[in-house]
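S.K.: my questions are about this predicted structure, shown below with the sequence.
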Amino acid sequence: MTQTSSHDQALDQAVDQAIDQAVDQALDRASTGGALTTDEMKADLSLEQLRQLVGLVEYDADNDPFPVTGWDAICFVVGNATQAAHYFASAWGMELVAYSGPESGNRDHKSFVLKSGSIKFVLSGAVSPDSPLVQHHAAHGDGVVDIALEVPDVDQCIEQARRAGATVVREPETLTDEHGSVRIGAIATYGETRHSLVQRTVDGVTYAGPYLPGYVEAAPRWQKRDGQPKRLFQALDHIVGNVELGKMDEWVSFYNRVMGFVNMAEFIGDDIATDYSALMSKVVANGNHRVKFPLNEPAIAKKKSQIDEYLEFYRGPGAQHLALATGDILATVDALRANGVEFLNTPDSYYEDPELRARIGEVRVPIEELKSRGILVDRDEDGYLLQIFTKPLGDRPTVFFELIERHGSLGFGKGNFKALFEAIEREQDARGNL
Ligand SMILES: [Fe+2]
């Protein structure tokens, strides 16, 4: 990796600003009907890059009862949002863009909005001891409370959801401030998780504020170290939901029936079982495949499955892992390790297994490069993917991240499940939960 000089950084910033301006102007002229989301354009991502990064496909939104453009934001409740925002900036290279808290008139909680590429994370922590976030955090610990999706028409989606039997937890309403208007509603999904549905163009005008009405613009407080990549990840690939034993098919059917999601792949039984731990998993995706939700349930095995451990410590179903798409997983993992992020260890035997070597064939770097970083590789009929998983992000053994670099494969690393589970079980055992 070459050293980035301060001149290059200044150039990068100037280029970013020029892109932001061009995008804003384009949005003023045109509608949002284009194939890229506002955040993707602002992040300077092309359709071709997204096809590679997250397996984007073409589809006809006109026949979709619940059209979803893409992710809007992933909202976390955390015990200390002030410090979590620092962690996501300093360790994960995210940029603070917006804020809501006592200084902006919100006396209940603080929320920090950070972005990387086209992804926004919103980190919220209670300020008032009476905040509803206190109860939520006491029950679940740090975790994802809202997987917010950008939609072109909130009212159409809420109507469809209600008709299909979903629980509407927020009726559509228009929020307005000096930057314009956003129309928002929400439906319940597994556990205490919700999908906010966010319509960012109302009456032909796209909202121009930093996040949502009520949030003020915030400038990054963290200065990127020299030599760090501009961003460590560009897009969100998928979010896995863990649900109770026997409930997976119910939630697959929910996403099919309520949101018109399609089934992508199916893994059952021995494919993803070790002697001790087993799970079943099915994957649903929205029409353009930007939004992909693998849904896991525990399966019977000799000992407690990692899904059971999650359900016990999260006190119910919830989001298990978020897969962050990167174009260079090696550079990303090196930077994250240098920043103190911990990954699951992959046994050397994984790389020495002749069956695996034969199956994966040629990848873009020598296997030794993957081995020294613990990066996993999987191949299917469409291509291959590189992936790695972090340790849990918080104190409870619940939510964690995956990094994924796709090369044609539209899979989720099925071939790695067994190797991965064995690594997870060693961790579970060390915590006394196996
Ligand atoms: Fe994953």
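M.R.: Cool, got the structure. Numbers count the residues shown, from 1 in each chain.
S.K.: center of the protein - which residue?
M.R.: The chain has residue 322 as the residue nearest its centroid, 4.0 Å off, counting by CA atoms, centre = their mean.
S.K.: check contacts around it.
M.R.: Residue 322 makes contact with 74, 144, 236, 238, 239, 240, 399, 401, 402, according to CB atoms under 8 Å, 6 or more residues apart in numbering. Just so you know, the C-beta spots here come from the backbone N, C-alpha and C atoms, and that holds for glycine as well.
S.K.: per-residue confidence at residue 238?
M.R.: At residue 238, the model reports a pLDDT of 97.
S.K.: that one - that's part of a strand, no?
M.R.: Yes - according to DSSP: H, G, I helix; E, B strand; the rest coil, residue 238 belongs to a strand.
S.K.: distance of the residue in the stretch 51-200 of the chain positioned nearest to the ion from residue 223?
M.R.: Proximity of the stretch 51-200 of the chain to the ion (CB to the ion) peaks at residue 54, 12.0 Å away. With distances taken as CB to CB, to the nearest Å, residue 54 is found 30 Å from residue 223.
S.K.: then residue 209?
M.R.: Computed with CB to CB, the distance linking residue 209 and residue 223 is 25 Å.
S.K.: check residue 60 too.
M.R.: Look at residue 60 and residue 223: by CB to CB, they are 46 Å apart.
S.K.: let me see the contact set for residue 255.
M.R.: By CB under 8 Å, 6+ apart, residue 255 lies in contact with 261, 284, 293, 295.
S.K.: now for the second one, how many residues are close by?
M.R.: What it means is residue 284. For residue 284, the count of nearby residues is 23 (other CB atoms under 10 Å).
S.K.: got the contact list for residue 409?
M.R.: Counting by CB under 8 Å, 6+ apart, residue 409 touches 378, 379, 380, 382, 383, 384, 385.
S.K.: tell me the residues of the stretch 251-400 of the chain that contact the ion?
M.R.: Applying CB under 5 Å from the ion, one finds that the stretch 251-400 of the chain approaches the ion through residue 323.
S.K.: and for the stretch 51-200 of the chain?
M.R.: So the stretch 51-200 of the chain never meets the ion (CB under 5 Å from the ion).
S.K.: can you pull out the helices in the stretch 51-200 of the chain?
M.R.: Per DSSP state H, counting those that start in this stretch, the stretch 51-200 of the chain carries helices over the ranges 81-90, 132-140, 154-163.
S.K.: what's near enough to touch residue 64?
M.R.: Contacts of residue 64 (CB under 8 Å, 6+ apart): 260, 287.
S.K.: how much space separates it from residue 376?
M.R.: Residue 64 sits 34 Å away from residue 376, going by CB to CB.
S.K.: go on, residue 240?
M.R.: Distance, residue 240 to residue 376, using CB to CB: 16 Å.
S.K.: more neighbours: the two, which one.
M.R.: Applying other CB under 10 Å to residue 240 and residue 376 shows that residue 376 carries more neighbours, namely 25 against 22.
S.K.: for stretch 115-129, how far is the first residue from the last?
M.R.: Stretch 115-129 has an end-to-end distance of 28 Å (CA to CA, to the nearest Å).
S.K.: got the buried residues for it?
M.R.: For stretch 115-129, the neighbour count (16 or more other CB atoms under 10 Å) marks 115-127 as buried.
S.K.: what ranges do the helices span in the stretch 301-434 of the chain?
M.R.: Under DSSP H, counting those that start in this stretch, the stretch 301-434 of the chain gives helices at 306-314, 329-338, 348-352, 354-360, 367-371, 417-430.
S.K.: deepest of the ones you listed, which one?
M.R.: helix 306-314 (a mean of 22; mean count of other CB atoms under 10 Å).
S.K.: can you name the residues bridging to the closest residue to the ion within the stretch 251-400 of the chain?
M.R.: Minimum separation of the stretch 251-400 of the chain from the ion (CB to the ion) falls at residue 323, amounting to 4.4 Å. With DSSP bridges as the criterion, residue 323 is bridged to residue 238, residue 402.
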